[in-house]
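A.B. asks: make a model of this:
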Amino acid sequence: NYLHYILTLPDHPPTWFLNLSPRGTLHRLMGGVDQSGSLTSLLVMALDVALIIVFARATRGPVSSSSARLDWSWSLGLVAAMLLSPFTEEHHFVLLLFPLLLLLLGDAVSSMPQAERAALVLVIILLGSRFSLEQFPAFHQGALSLLATGKLLGVAGLAWVLVKRLRARANAGIDAQSVSVSGTR
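C.D. replies: Numbers count the residues shown, from 1 in each chain. Presented below is the predicted three-dimensional model:
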């Protein structure tokens, strides 16, 4: 059903400038090159399959209900929904508050390597920034449309940080204890 839904979407939402999904971004980027949209649809499907594989590998394995890994996996699921959705507007990003709060208020930040901390700061800046390029038609299609993908890059960065956190927990064998939002065990 999902494949049928994706392949039969009307032309307007994917190319609409306020559609911040990867699908919308690719449609705007390829709009002048791929008039029929078939190449863009294939690229979107390939990207979706790649993302599903990455997310499935990051969350695989048994997880107990009292595990911090369950929280990280659930957070990654929210981010995956944003990246796999064919239509995402700015107000949909409110769903990312849980993963951000989990990262910021738990013990995750203190145990992160410097590169992940820098990525998290960049994610917060990108997700919190406002873009007002929609008033300029030159930014609605083609290469210039990539300048308006900051929020999408923030979502992708958040996915990267969460995957790294899940892998760090799996590599360290930390799955027995839960870390609450307050940082206590």
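A.B. asks: what ranges does this structure have for its strands?
C.D. replies: Taking DSSP state E as the criterion, the chain contains no strands.
A.B. asks: L47 touches T25, doesn't it?
C.D. replies: No - the pair L47 / T25 is not scored as a contact, 10.0 Å apart, by Cβ atoms under 8 Å. Where you see a C-beta, it was placed from the backbone N, CA and C, and this is true even at glycine.
A.B. asks: how near is L43 to Y2?
C.D. replies: 17 Å (Cβ to Cβ, to the nearest Å).
A.B. asks: who has more neighbours, those two?
C.D. replies: Between L43 and Y2, L43 has the larger neighbour count (other Cβ atoms under 10 Å), namely 17 against 9.
A.B. asks: is it true that the more buried one touches H27?
C.D. replies: No - in terms of Cβ under 8 Å, L43 does not count as a neighbour of H27; the distance is 9.5 Å.
A.B. asks: re the thing from before, compare L47 and T25 (neighbour count), which wins?
C.D. replies: Set side by side, L47 and T25 show more neighbours around T25, with 20 against 15, by other Cβ under 10 Å.
A.B. asks: what's near enough to touch the more buried one?
C.D. replies: S145, L146, T149, L152 (Cβ atoms under 8 Å, 6 or more residues apart in numbering).
A.B. asks: repeat that for I52.
C.D. replies: A80, L84.
A.B. asks: where does it land on pLDDT?
C.D. replies: pLDDT recorded at I52 is 93.
A.B. asks: ok, now S38?
C.D. replies: On the pLDDT scale, S38 is placed at 77.
A.B. asks: need the contacts of T25 in CSV with neighbour count, can you?
C.D. replies: Putting these into CSV (neighbours: other Cβ atoms under 10 Å) gives the following:
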residue, neighbour count
S145, 22
L146, 14
T149, 19
L152, 21
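A.B. asks: nearest spatial neighbour of the residue most central in space within the chain, skipping sequence neighbours?
C.D. replies: Nearest to the geometric centre of the chain sits V155, at 3.6 Å (Cα atoms, centre = their mean). Leaving aside its chain neighbours, V155 sits nearest to M82 (4.9 Å; criterion: Cβ to Cβ, 6 or more residues apart in numbering).
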